[in-house]
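Peer 1: output the structure for:
(one chain, ligands or ions: 1)
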Amino acid sequence: MSCGHCVAVCPTGALDNSRCPKAEMDPITRPMLDPDTALEFLRQRRSIRNFRDELVPEEKIRQLLEAARFAPTAANSQGMYYLVIQDRDLIKKITDCVADWMQEQIDNKSPQKRYFIKVLHVYRERGIDIIGRNARQLIFVLARRLNVTGPSNSEQSLAYAELYAPTLGLGTTIMGFIETCLRADYTPLRELLQIPTKQVGVGCLLVGYPRYRYHKLVDRQHLKVEFR
Ligand SMILES: Cc1cc2nc3c(=O)[nH]c(=O)nc-3n(C[C@H](O)[C@H](O)[C@H](O)COP(=O)(O)O)c2cc1C
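Peer 2: Just a heads-up that it's a prediction; the model follows:
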């Protein structure tokens with residue numbers, strides 16, 4: 001499928017393209033958001049780690065991922081594959097597997113050694129699931145192994161999902177520890193998820209129905225920018 005820019009930008013509707021037919025293109029029907037509304041929408045997104053018990057139905061997750069697939073990808077490569085895991089036992093095996101990987105990193109004296117020692121202390125000694133945040137549902141992103149932009153494409157797509165989620169009443173959080181282990185292509189994790197050898201895991205997102213509502217917008221470090 002091509003990018004469709006030529007057809008979408010044509011002011012008279014004269015251009016068509018067999019790889020993105022004009023007849024299949026949706027018209028733009030709504031005005032662009034004003035900047036204040038858009039900024040508040042962006043700022044309302046929060047990383048959610050406390051969820052109600054019920055599972056998000058498959059249809060709603062599909063709706064979420066329909067938005068994610070409109071994110072930009074390098075050279076319009078697209079081609080991402082999503083895998084939703086909601087089997088409790090498998091999720092526990094996944095977080096344990098990531099913990100094993102961290103232990104290997106520690107044993108191999110990786111630069112992250114000191115950080116992983118702290119994470120593993122919390123996960124194993126204190127019994128707090130800092131790795132998977134007690135997930136009931138995890139969305140994995142797989143990309144073609146040969147596509148070196150897979151991780152960046154995944155980040156773009158999950159950013160779209162994260163921003164769209166609150167409009168569906170959903171909450172999300174990027175699962176960074178799991179993502180790092182996936183991207184390291186750790187064989188036991190690959191086997192647990194049954195990732196085909198032509199693909200590689202590049203992203204992981206926690207999803208659920210938020211238990212709490214936020215009433216304020218949080219601030220960030222001030223903007224640091226330089227013009228030359
Ligand atoms: C690349 C990346 C990895 C992250 N990994 C985790 C994670 O493993 N666990 C977690 O609870 N939150 C994770 N987060 C969420 C951040 O902690 C969160 O974005 C930050 O604390 C700011 O909160 P906010 O998203 O609500 O603004 C991650 C975020 C990013 C962008």
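
Peer 1: where does the closest residue to Lys93 other than its chain neighbours land on pLDDT?
Peer 2: Excluding the flanking residues, the one nearest Lys93 by Cβ to Cβ, 6 or more residues apart in numbering is Leu192, at 5.7 Å. The way it works is simple: take the backbone N, C-alpha and C, and place the C-beta from them, glycine included. Looking at Leu192, its pLDDT reads 98.

Peer 1: same deal with Gly201?
Peer 2: At Gly201, pLDDT is 98.

Peer 1: for Glu66, same thing?
Peer 2: pLDDT, Glu66: 98.

Peer 1: that one: neighbour count?
Peer 2: 12 (other Cβ atoms under 10 Å).

Peer 1: just the element for it, please.
Peer 2: Here Glu66 sits within helix 58-68, counting by DSSP states H and E.

Peer 1: parallel or antiparallel, which strands does the next helix-or-strand element following that helix pair with?
Peer 2: Next helix or strand after helix 58-68 toward the C-terminus (DSSP H and E): strand 81-85. The strands beside strand 81-85 in its sheet (DSSP bridges) come out as strand 138-144 (antiparallel).

Peer 1: hang on, the earlier thing: for the helix holding Glu66, buried residues please.
Peer 2: Buried positions in helix 58-68, judged by neighbour count with 16 or more other Cβ atoms under 10 Å: Lys60, Ile61, Gln63, Leu64, Leu65, Ala67, Ala68.

Peer 1: any chance you could map the helices in the protein?
Peer 2: Listed in chain order, the helices of the chain (DSSP state H) span 5-9, 35-44, 58-68, 88-107, 113-120, 150-164, 176-183, 187-193.

Peer 1: show me which residues of the protein sit near the ligand.
Peer 2: Within the chain, the residues that sit near the ligand (Cβ under 6 Å from any ligand atom) are Arg46, Ser47, Arg49, Arg133, Thr173, Ile174, Met175, Gly176, Phe177.
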